[in-house]
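Trainee: generate a structure from the sequence data that follows.
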Amino acid sequence: MLFVIDKIRFGKFISIIREDRKKSQQSHDSPYLRIRAEKDEVEASSSNSSVTIKTTVYEPGVLFIRTTLFRRVFRATHIDEKFITFQVDKKALVFGDVTMPFETN
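Mentor: Residues are numbered from 1 along each chain as shown. The predicted structure follows:
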């Protein structure tokens, strides 16, 4: 999976659809976030809601990741550009200057 997306809009939409609002839900057992990139859109969804953002998708795919972990790392990623590239291969999720290996995360 490979796509480029507006970092600020994507972060705001994740904040809206997330299900880990209570402190008790923000542990290693936090709910999953589903991110699907296909054609010219990225859909981020939780079990109760979803959002679709028009963007550039180079390689389609689907990623399931714990919402709390993803939000914390995403918010801490400082880049000066408006857009951020996400790439997923067999070993890791890579975005900005972050590499999140699947074996340890």
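
Trainee: and the worst-scoring helix or strand of the chain on mean pLDDT, what does it pack onto?
Mentor: Least confident helix or strand of the chain, by mean pLDDT, DSSP states H and E, is helix 67-76 with a mean of 84. Applying 3 or more Cβ pairs under 8 Å, 6 or more residues apart in numbering; DSSP states H and E, one finds that helix 67-76 contacts helix 7-17, strand 32-38. C-betas here are computed from N, CA, C, even on glycine.

Trainee: after that helix comes which helix or strand?
Mentor: Once helix 67-76 ends, the next helix or strand along the chain (criterion: DSSP states H and E) is strand 83-88.

Trainee: buried sites along that next one?
Mentor: 84-88 (16 or more other Cβ atoms under 10 Å).

Trainee: could you find the closest non-adjacent residue to Lys7?
Mentor: Spatial nearest neighbour of Lys7, excluding adjacent residues (Cβ to Cβ, 6 or more residues apart in numbering): Ile84 at 4.3 Å.

Trainee: that neighbour bridge partners, please.
Mentor: Under DSSP bridges, the beta-bridge partners of Ile84 are Ile5.

Trainee: what's the separation between it and Thr52?
Mentor: According to Cβ to Cβ, to the nearest Å, Ile84 stands 18 Å off from Thr52.

Trainee: kindly report the same for Lys39.
Mentor: Distance from Lys39 to Thr52, counting by Cβ to Cβ: 11 Å.

Trainee: ok, then the element right after the helix or strand Ala44 falls within?
Mentor: Ala44 belongs to strand 41-45 when assigned by DSSP H and E. Using DSSP H and E, the next helix or strand after strand 41-45 towards the C-terminus is strand 50-54.
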